[in-house]
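Participant: fold the following.
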Amino acid sequence: MHQFIAILLYFCLALTVGILSYRKQTTSSAFLSGDRSLNYWLTALAAHASDMSNWLFMGYPAIIFLGGIFQAWVALGLIFCMLLNWQWLAPKIRIATEKFNCFTLSSYLENRFQDKVGLIRTFSALLSFVFYSIYIAAGLAGLGLLGESLFGISFETSILIGIGIVVTYIFIGGYVTLAWLDLFQGFFLLFVILAVPFYLIPQFGGFSSLFQNLQTKELSTSLFPNLSPRTLLTIISLSLGWGLGYFGQPHIITKFMGIKHAAEIYKSKWVGMSWMTLSLFAATLVGILGVTFFPSGIHN
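Facilitator: So this is what the prediction gives:
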């Protein structure tokens, strides 16, 4: 019952944020980019919170749970590549899309390379459709599992409820409403992901006890277990295998387009990177805690 009340309260707060931030969208520019009116806080949290979905709470901690601290190279790679994304790509894409009067990544590429037959737009849209179908399906699957485990709601019903909520506030409010919801969710997620490990770690005997349990399970307790060529190759694979995707993810790149002044992107960068670093650090602790919390492993 407490879990249901907590989830219900969360959705009520999200709905309130959506209503308060609602603006009647009369143009495509307003709907797709908010007329480039976002401040640097909104831009930062919109870019990061739209990326950090259930994988921050489920997927990434599970990697740490199964492989130990060495797997934290995934987080370090994500942080490094996202920093480069802010530094190199964000200001350029913001200035260029205003220059070409574009509001989507496909239309920007089409104008940038002067494609007169629409080949780039069609191809980029097809790529987005294929890969986002998989990405969104993974998110919906996570929602379905959450509904089953917490409330006993069927997997399919949980997914349908989630789709109904998301589609409703997207079509009602557009870009600006989504940005405010991302801001709210960003602060909420940060609070939750930080609160859980710092509440539980003292109850499990502190960090020394957690590291001892990692050693008992024969899991890595170091980022550099050795300096062999194989280990270094694995570090590069873990870091860049996840992180390089940030340079081409439309749901992140389009958030760079909405900031009011390109000169404020550097402020967004430090707000967003601070949020991301804290979130991934806490998620790493959640994975380490899981080793102690589930001493016999997790079984379906």
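Participant: what's the first helix or strand after the helix or strand L143 falls within?
Facilitator: Using DSSP states H and E, L143 falls within helix 119-151. Moving toward the C-terminus from helix 119-151, the next helix or strand (DSSP H and E) is helix 155-200.
Participant: next, the angle helix 119-151 makes with that following helix.
Facilitator: Here the directions of helix 155-200 and helix 119-151 differ by 70 degrees (axes from the mean of the first three to the mean of the last three Cα atoms, to 10 degrees).
Participant: and the contacts of whatever helix or strand comes next after helix 155-200?
Facilitator: Sequence order places helix 206-216 as the next helix or strand after helix 155-200, per DSSP H and E. By Cβ atoms under 8 Å, 6 or more residues apart in numbering, the list of residues contacting helix 206-216 from outside reads 68-69, 201, 204, 220-221, 288-289, 291-292, 295. Where C-beta positions appear, they are placed from N, C-alpha and C, glycine not excepted.
Participant: okay, helix 206-216 in PDB with CA atoms only?
Facilitator: This file holds the C-alpha atoms of helix 206-216, laid out as PDB (Å, rounded to 0.1, in the frame of the first residue of the first chain):
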ATOM      1  CA  GLY A 206      29.900   0.700   6.300                       C
ATOM      2  CA  PHE A 207      32.100   0.600   3.200                       C
ATOM      3  CA  SER A 208      34.600  -1.800   4.700                       C
ATOM      4  CA  SER A 209      31.900  -4.500   5.100                       C
ATOM      5  CA  LEU A 210      30.700  -3.900   1.600                       C
ATOM      6  CA  PHE A 211      34.100  -4.300   0.100                       C
ATOM      7  CA  GLN A 212      34.700  -7.400   2.100                       C
ATOM      8  CA  ASN A 213      31.500  -8.900   0.700                       C
ATOM      9  CA  LEU A 214      32.700  -8.100  -2.800                       C
ATOM     10  CA  GLN A 215      35.900 -10.000  -2.100                       C
ATOM     11  CA  THR A 216      33.900 -12.900  -0.700                       C
END
